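Visitor: kindly return the folded structure for what I paste below:
(2 chains)
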Protein chains: 2
Amino acid sequence: MTVTESDGRKRVVIEGISPAVDDGLFPAKRTVGDLVRVEADIFTDGHDAIAACVLAHREGSDNWIEIPMLAIVNGNDRWTGAFRVGELGRYGFKVQGWVDHFETWRRDLLKRIKAESDAAVDYLIGADLVAEAARRASGSDAAWLLQRAAVLRSGAEAKDLRIHATDAQLHELVARYPDKRFATESGREFMLVVDPVCARFSAWYEFFPRSTAEEPGKHGTFAACEKRLPAIADMGFNVVYLPPIHPIGRVFRKGPNNNPESQPGDEGSPWAIGSAGGGHKSIHPALGSLEDFRHFIAAARALDLSVALDIAFQAAPDHPYVSEHENWFRKRPDGTIQYAENPPKKYQDIYPFDFESEDWAGMWEELKSVFDYWLDQGVSIFRVDNPHTKAFPFWEWAIPAIKRDHPEVIFLAEAFTRPKIMYRLAKLGFSQSYTYFPWRNGKAEITAYLSELAQTPVREFFRPNQWPNTPDILTEFLQMGGRAAFVIRLLLAGTLGSNYGIYGPAFELQENRPVRHGSEEYLDSEKYEIRRWDLDRPDSLRPTIARINDIRNSNPALQNDWSLKFHGTDNDQLLCYSKESDDRANLVVTVVNLDPHHTQSGFVTLPLDELEIPQDRAYEAEDMLSGERYLWQGPRNYVELNPARRSGHILKIHRRMKIETDFEYFL
Amino acid sequence: MTVTESDGRKRVVIEGISPAVDDGLFPAKRTVGDLVRVEADIFTDGHDAIAACVLAHREGSDNWIEIPMLAIVNGNDRWTGAFRVGELGRYGFKVQGWVDHFETWRRDLLKRIKAESDAAVDYLIGADLVAEAARRASGSDAAWLLQRAAVLRSGAEAKDLRIHATDAQLHELVARYPDKRFATESGREFMLVVDPVCARFSAWYEFFPRSTAEEPGKHGTFAACEKRLPAIADMGFNVVYLPPIHPIGRVFRKGPNNNPESQPGDEGSPWAIGSAGGGHKSIHPALGSLEDFRHFIAAARALDLSVALDIAFQAAPDHPYVSEHENWFRKRPDGTIQYAENPPKKYQDIYPFDFESEDWAGMWEELKSVFDYWLDQGVSIFRVDNPHTKAFPFWEWAIPAIKRDHPEVIFLAEAFTRPKIMYRLAKLGFSQSYTYFPWRNGKAEITAYLSELAQTPVREFFRPNQWPNTPDILTEFLQMGGRAAFVIRLLLAGTLGSNYGIYGPAFELQENRPVRHGSEEYLDSEKYEIRRWDLDRPDSLRPTIARINDIRNSNPALQNDWSLKFHGTDNDQLLCYSKESDDRANLVVTVVNLDPHHTQSGFVTLPLDELEIPQDRAYEAEDMLSGERYLWQGPRNYVELNPARRSGHILKIHRRMKIETDFEYFL
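Guide: Sure thing, here's the model as predicted:
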């Protein structure tokens, strides 16, 4: 046969399947318990009715579940079907579509009956279709269908035939045995990675373990860290993140404030990893032993806190890797090893790995084993330092390999770089990523950026983790806006980002002194020295932080990003947005005064229909920050925020809604 | 090795390649002589410089041309490279990217020199890189490079080293021998179909051959058709399109005005194809012989007119296919063949093909052979009737198979159906398609629809052919708007659509009587009877049509759709838009009064910067319809259009522009 290899009678077309990342090249991301809505454009030639389904399974399992798809009303040939993913790991799905001759016949027969046109031959056609379904069926279903076919073929009274041809039982039973001989199947299997819920909803608290000693000038220990945990848990966080805990290099060690010359006694940067005392699988002796670390993890777990470790793939000149694997680093013609640099700046305390090494494969295995090592110690969250300066193919291989054995692992990409690079890392497997949030302070830029993250296909693979500050980032806004600036950024991070975090002590205490004018580095940065923080200072933001985390933890609306919608205000310093829970039972509207200096007021406008708020009666807007309750009416309501007292409202909107629940396909 | 199959050192990522239809599943469309701009997101980890190129070839040829790509300024990691396609047929391209160590070195060295930092070891590194390039080079280039490497290694004066390390000759010569050991290549080859120019720019004139007899009541002939050609050519058309020319079925033949009962002497519908006299490869005897048809084609060609034939894959009950290939049609249980129907409507004069036939492959071959037959007679344009009621896999196979031997063929899809189906047909190979243009009469709906066609990725595969009327479509707008309605629709079609057409005689003479109120069918439609048209009537639109075609033919701006931009007006009845030629030398601004009844006036606003019109001096706007010249100034200019006299301006904008031409890669 010259025309084609495949059967040309597969008449149904399937296009535009979602969720799909880069047309299915990469998995889409979900969390345990999520409802996965699959959509596709499905159609055929001519006027025949069609049917379609999603076929889904856990990766590696032969147990495929078939989920019927339905055409979306006025959906322009778009079909949808949904199933719930109940477990960690990878799932796959395909879409199948076929011409449904029985449904075509049934639909046309109903038209003929309505038009009172002759249908004698149509009952015979129907009889054949029912008999065919009987051949695909078995047991009592087959018998029932054969009997019904005989009735349709009997030439009985038109009235009787009509009833027997159009009843629901026949419809349902034939649909159970579809004719899929010429079914079209989407070519590729589309993948999903199902992560733990805290990949979608988490509040991170970062602190430097070495700054936890109670005695001034002393080096902190894991034991001292443990004492910090109850306060962190009380504030409502669920992840504590520690900068690197490994031995710090002595060669070219940096002094305080990034001084290239260090003095004896200077502690150096925890990111200058490795010394004679060990490397990425060792613990800085001053912090304690591996046993102490494991004890710390257990103490955290007892408080429902997960510990996130910082993985920074770079080596101090005295890291054991340098002597043991010289070929993992780039040699210069003078025999020295190439240190990190961004000319004319030199970072002689750090050697980057050479991903073009002859022994790249051996190096990959070793780097992956660093994750494996800490997994074995009970860590399952990794904040990866500068992943964009390591070769992409490494992450593409390493992350799925690690998650195959540990589907619970979460990787946060610390990639403050160009957007396509950040997105690529997310596609390759990073569960979460830092974002440009720290530098988005105006209404237009916040709206544009957060809409891109929450409303475009980017959300299928890129999960933002919103940080107002980090040890590397003290923004101008925080430097200049006083206490209100911290409150504003906290409000925004905690309500815009279902994942957010703070570099804790500095944030609680509103540390805002830069090392010099125009810099985003902290003065006396903890990166280069031990700091002591008076966390019980009366002006601490701890109560506000605790309040916001409490609101987050008790409002499912704030535990997802996809429902984020921005709403109009008539004042550019007022930002208004809402989030809803998946079941739409919980609606939270946040209004923030972006100006840390002045009172701002104006009207906010809510799309009542879209939010299913009744047009015709007042509704309660309960400010969960202050406990105040407002009776709002109609779409436009007045707001006035004085940053000296408050910078925002987090409003629970009380509305009456009927919640519909359907039968669900559960995988 | 357990880590990966491929070499992990391919560090460059290539994403988002365009042009690509459905991620490269289908070819993008171009016409002979087009410049193809390839774009891709290309980046790598870290800070290394990268380089990239497009590799392009004619399908089947081993002669790949390498076109360098450049990063788009502020392009967010988007790169571009362009080449011109000179011949009909299929082309393929890939994108290649690699880390450019020499360029990284050169860039960093320049920074070091500027910062006056020590660079002694850098010259040694450079020497190694130049020596490596020498190994990839040969002959005098290799010798030159080796010599330069020796200079860089010589430890000469810093000043000399600087000059020898940074001169343009070294830069250029090393770039000629890139290190592609770890180059990344886009996985898939992306395809282009290059069609004749008239796939992009054409003006179609449709008429019924049987209505061309000079003597009333007589059946027209190809000889009579020939006599019509000079007038059509004089009007500036370049395609004449004939409804089906085959024998018409006698069984269930339709009478005038679609009467299900015909009388002896009724001619029937040309789309009810086939009788004892033959089928899709035969000619209606009343029209003449095959020889006459070939003579007609030759006469058209002598006037630079191409002939388009209508291919309608359906059969009258007495078509020879029905008796010879009963299994190509669907049998009913009563032994009859299933006629076309849309219950309760029945079309008993037409049998649709059954694309689920057991002999589908044989049927496909026969249907394809219909095209082959008429190609052999000199036809190379086909208007395909209702392609969306034939199985998509048939077109997916047939069109590329036909174009393999006849890359000059153009297929126009007569698919007035849902958008995704129309787009699918275009993806599968249809060169042009009818559109919803007939029903887009308001400013907002015209702007939205034409912007979708001209400005979104749809344009890569879907070429609109804009028709104000067809024998099936007499819109309400034309029925009710009098002569001005025809002028408006002609102006819009001819300037919005680089491809457009009219159902000629009815349009010229502004035939606007529907068969009944609320119907889009013509009264006394030519589809069911012979009509005589008095084409010399003094109120004919012929001069206006000729003027518009003349403007189209002499303004390259109107010969493409991609440059279409809509501009603001302060009156919703005034539509304003512009088109430019590819080289930007020709700029045409069209303003249309969409109201056929009343004078409308207002200001139109042109984006002067975007159109490169000087802000600070007046510019000439020459109305090519009336010959009038206006001196416009600034972005806002006043327009007033009285439909009793004129419904639009087609303005050539005279501006001074410098046209830049670059070296071009020509395939």
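Visitor: wait, A:Glu15 touches B:Ile421, no?
Guide: No: using Cβ atoms under 8 Å as the test, A:Glu15 is too far from B:Ile421 to be in contact (10.5 Å). To be clear about C-beta, it is placed using only N, CA and C from the backbone, and glycine gets the same treatment.
Visitor: so what's A:Ala133 up against?
Guide: Taking Cβ atoms under 8 Å, 6 or more residues apart in numbering or on different chains, we find A:Ala133 in contact with A:Phe102, A:Leu145, A:Leu173, A:Val174, A:Tyr177, A:Asp179.
Visitor: need the max-distance pair from these.
Guide: Farthest-apart pair in these is A:Leu173 and A:Asp179; separation 13.7 Å (Cβ to Cβ).
Visitor: tell me who's in contact with the residue of the stretch 401-550 of chain A found nearest chain B.
Guide: Using Cβ to the nearest Cβ, the closest approach of the stretch 401-550 of chain A to chain B is made by A:Lys420 at 4.8 Å. A:Lys420 makes contact with B:Glu15, B:Asp41, B:Phe43, B:Asn76, B:Asp77, according to Cβ under 8 Å, 6+ apart.
Visitor: and the pLDDT at it?
Guide: Looking at A:Lys420, its pLDDT reads 98.
Visitor: the one 5 residues further on now?
Guide: pLDDT, the model's per-residue confidence, is 98 for A:Leu425.
Visitor: cool, and A:Ala168?
Guide: 94.
Visitor: what's the distance between it and chain B?
Guide: 21 Å (Cβ to the nearest Cβ, to the nearest Å).
Visitor: got phi/psi on that residue?
Guide: Main-chain dihedrals, A:Ala168, degrees, to the nearest 10: phi -70, psi -30.
Visitor: is it true that A:Leu170 touches A:Val130?
Guide: Yes: assessed by Cβ under 8 Å, A:Leu170 is found in contact with A:Val130 at 7.0 Å.
Visitor: okay, and the common contacts of the two?
Guide: Shared contacts of A:Leu170 and A:Val130 (Cβ under 8 Å, 6+ apart): A:Arg148.
Visitor: contacts for stretch A:101-115?
Guide: A:47-49, A:51, A:118-119, A:122, A:125-126, A:129-130, A:133, A:162, A:165-166, A:171, A:174-175, A:179, B:341, B:343-344.
Visitor: ok now it, how far from the chain's centre?
Guide: 46 Å (Cα atoms, centre = their mean, to the nearest Å).
Visitor: in CSV, list the C-alpha atoms belonging to it.
Guide: Taking C-alpha atoms only, stretch A:101-115 is exported to CSV below (Å, rounded to 0.1, in the frame of the first residue of the first chain):
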residue,chain,number,x,y,z
HIS,A,101,-21.3,6.5,15.6
PHE,A,102,-23.9,5.5,18.1
GLU,A,103,-24.1,9.0,19.5
THR,A,104,-24.3,10.5,16.0
TRP,A,105,-27.2,8.1,15.2
ARG,A,106,-28.9,8.9,18.5
ARG,A,107,-28.6,12.7,18.1
ASP,A,108,-29.8,12.6,14.5
LEU,A,109,-32.7,10.3,15.4
LEU,A,110,-33.9,12.7,18.1
LYS,A,111,-33.8,15.5,15.5
ARG,A,112,-35.8,13.3,13.1
ILE,A,113,-38.4,12.4,15.7
LYS,A,114,-38.7,16.1,16.6
ALA,A,115,-39.2,16.9,12.9
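Visitor: pLDDT score for the residue lying closest to A:Asp118 once chain neighbours are set aside?
Guide: Leaving aside its sequence neighbours, A:Asp118 sits nearest to A:Arg112 (Cβ to Cβ, 6 or more residues apart in numbering or on different chains; 7.8 Å). A:Arg112 is assigned a predicted lDDT (pLDDT) of 93.
Visitor: which residues are contacting the helix or strand containing A:Arg552?
Guide: Element membership of A:Arg552 [criterion: DSSP states H and E] is helix A:542-554. Residues outside helix A:542-554 that contact it (Cβ under 8 Å, 6+ apart): A:201, A:203, A:231, A:234-237, A:487, A:490-491, A:494-495, A:498, A:502, A:507-508, A:535, A:558-559, A:624-625, A:650.
Visitor: now that helix: buried residues?
Guide: Neighbour-count burial for helix A:542-554 flags A:Arg542, A:Thr544, A:Ile545, A:Arg547, A:Ile548, A:Asn549, A:Ile551, A:Arg552 (criterion: 16 or more other Cβ atoms under 10 Å in any protein chain shown).
Visitor: coming back round to it: wait, is the residue of the stretch 401-550 of chain A closest to chain B part of a helix?
Guide: Yes: checked against DSSP: H, G, I helix; E, B strand; the rest coil, A:Lys420 lies within a helix.
Visitor: state the distance from it to A:Ala426.
Guide: Noted for A:Lys420: a distance of 11 Å to A:Ala426, by Cβ to Cβ, to the nearest Å.
Visitor: which among the contacts of helix A:542-554 count as buried?
Guide: A:201, A:203, A:231, A:235-237, A:487, A:490-491, A:494-495, A:498, A:502, A:507-508, A:558-559, A:624-625, A:650.
Visitor: among those residues, name the ones in helices.
Guide: Among those, the members falling in helices (DSSP state H) are A:Ala231, A:Val487, A:Leu490, A:Leu491, A:Gly494, A:Thr495, A:Phe507, A:Glu508.
Visitor: quick check: the gap between the fifth one and A:Pro543.
Guide: Plainly put, A:Gly494 is 14 Å away from A:Pro543 if you go by Cβ to Cβ.
Visitor: and the lengthiest strand in chain A, C-alpha only, in CSV?
Guide: Secondary structure of chain A per DSSP state E: the longest strand is strand A:89-99. Taking C-alpha atoms only, strand A:89-99 is exported to CSV below (Å, rounded to 0.1, in the frame of the first residue of the first chain):
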residue,chain,number,x,y,z
GLY,A,89,5.9,10.6,42.2
ARG,A,90,5.5,10.7,38.5
TYR,A,91,2.3,10.2,36.6
GLY,A,92,1.7,10.0,32.8
PHE,A,93,-1.3,10.6,30.7
LYS,A,94,-2.5,10.4,27.1
VAL,A,95,-5.6,11.6,25.4
GLN,A,96,-7.8,9.4,23.2
GLY,A,97,-10.6,10.4,20.9
TRP,A,98,-12.8,8.5,18.5
VAL,A,99,-15.9,9.0,16.3
